[in-house]
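# Give me coordinates for this.
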Amino acid sequence: MRWRNWAGTQRARPARTVVAGDAAAVAEAVTAAARDGLRVTALGSGHSFTGVGAPDGVAIVAPSDLGLLAMDGDLATVPAGMTLRTLNDLLWHHGRALPNLGDIDAQTIAGAISTGTHGTGTHHPGLAAQVRGMEIVLADGTVERWGPGSDELRTGRIGLGALGVITSLTLATVPAFHLHAVEETLPLDAALEVLDGSDDHAELYWFPHADVVTAKRNNRTTADGPRRSRRAEWLGDELLGNAGFAALCRVGEAAPRLVPVLNRFAAARFAAGVYIDRSYRVFTSPRRVRFVEMEYAVACEALPEAFAAVRRAAQRHAQEVTFPVEVRIAAGDDIPLSTAYRRDSAYLAVHVRRGRPHEAYFAAVEDAMLALDGRPHWGKLHGLDAAALRERHPGVARFTALRDRLDPERRFANAYRERVLG
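A predicted model of the protein is given here:
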């Protein structure tokens, strides 16, 4: 079976693919791979732009059966291969929700957590901070269960697939909640005021060459109010957000000189107004126009300088780029491979439509972020290797020590993991 990621930028041909229904089947597949001298990679949904999920040797599809979901008070034990989209619906029917999400829901639970997926909000760390337990198959085929007091769980919640194959995760949930969403267009010079922490969740989108930003503010509410109908959701997300945006990108590619005008047009229409909906429906949106992405985290106090640097890079290198820059914030945490390890962080993400030149733009942004002690997202494009990451990521050494103990033969290595972890 051939494998490729969502963006179509990473491809591989595993020696074999195993669809595992439970931990025992995963253990059997790992043991067989060791016997044959093959490496092992757990397959996710392919939503990373790097090769973190590229299979090398044996590819294992982790358990995903809906019947494996178990609720115990505020804790949900979830099969690793279940997608966030499925989990969100299931949790809602149990009256529960995850407190924060990223902006897409196609990833598997294990894949999203293992690569450090985060949402936005000054008081909300990434998804991995919700992990309270993990079942994982190690390199020798043993199945271990790590509880909240174990060093393995504290260290390995974000693990890039380098420690073993996760078969289930226990997550802390909160009572289901609605969000009051306010999406509006603001002057560029007022952009960063949106991220002052006064909202539960806030983010910005800035199209290169535009003098406005789209601000999205989401706050928990128990009030009734304007709700998006499914028709309005389809019009906003599918017709305008995907089909219309794809058409705009095609026009920009055919007539690059029009890109600044197109971006200003898009920026003025990107906001969806005011509405209330289930939390996960507000947090996430479908993404059907394929792109490549790079994202860096900097300390929150460095955000003004970082945003100015991205704007300068876009002015020089993004004359033909029709995709926006996304700016978010997240609370710090204590997870060694987290981009927010021991610091509240601001995230700046740049995007380019798949197949279009991005190298000069991304390199300029990366240089600027590195000058501000930035840390790259593990699942998004960057140019750093293990030596460079050890210098700027204080938790890497702690993680690699655990990896050395659990997988000394590098059964769970692939080219990307070797590059970033050594």
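# which SSE is Ala329 in?
Wrong residue type there; residue 329 is Ile, not Ala. Applying DSSP states H and E as the criterion places Ile329 in strand 325-330.
# Okay, now the sheet partners of the helix or strand just after that strand, with direction.
Moving toward the C-terminus from strand 325-330, the first helix or strand encountered (DSSP H and E) is strand 345-353. Here strand 345-353 is paired, per DSSP bridges, with strand 291-299 (antiparallel), strand 325-330 (antiparallel).
# Check the offset of strand 345-353 from the chain's centre.
Relative to the centre of its chain, strand 345-353 is centred 11 Å away, using Cα atoms, centre = their mean, to the nearest Å.
# next one: stretch 123-133
For stretch 123-133, the distance to the chain centre is 13 Å (Cα atoms, centre = their mean).
# ok, and for it, which residues are buried?
His124, Pro125, Gly126, Leu127, Ala128, Ala129, Gln130, Val131, Arg132, Gly133 (16 or more other Cβ atoms under 10 Å). For glycine as for every other residue, the C-beta is placed from the backbone atoms N, C-alpha and C.
# now stretch 401-412
Neighbour-count burial for stretch 401-412, counted by 16+ other Cβ under 10 Å, picks out Leu402, Arg403, Leu406, Asp407, Arg411, Phe412.
# wait, doesn't the second one sit right on Gly422?
When you say that, I think you mean Arg403. No. Using Cβ atoms under 8 Å, Arg403 is not in contact with Gly422, being 9.2 Å away.
# Reduced to three states, what does the spatially most central residue of the chain come out as?
Among the residues of the chain, the one closest to the centroid is Thr117, at 3.5 Å (Cα atoms, centre = their mean). Following DSSP: H, G, I helix; E, B strand; the rest coil, the label given to Thr117 is coil.
# what about it, distance to Pro125?
11 Å (Cβ to Cβ, to the nearest Å).
# again, but for Arg85
Counting by Cβ to Cβ, the separation of Arg85 from Pro125 is 22 Å.
# And the host helix or strand of Leu204, how far out from the chain middle?
Using DSSP H and E, Leu204 maps to strand 201-206. In terms of Cα atoms, centre = their mean, the centre of strand 201-206 is found 15 Å from the chain centre.
# what angle sits between it and strand 345-353?
Orientation check (axes from the mean of the first three to the mean of the last three Cα atoms, to 10 degrees): strand 201-206 against strand 345-353 gives 40 degrees.
# May I have strand 201-206 as PDB, with CA atoms only?
Taking C-alpha atoms only, strand 201-206 is exported to PDB below (Å, rounded to 0.1, in the frame of the first residue of the first chain):
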ATOM      1  CA  HIS A 201     -10.300  31.900  22.900                       C
ATOM      2  CA  ALA A 202      -9.100  34.400  20.200                       C
ATOM      3  CA  GLU A 203      -7.100  34.200  17.000                       C
ATOM      4  CA  LEU A 204      -6.200  36.400  14.000                       C
ATOM      5  CA  TYR A 205      -6.000  35.900  10.300                       C
ATOM      6  CA  TRP A 206      -4.000  38.300   8.200                       C
END
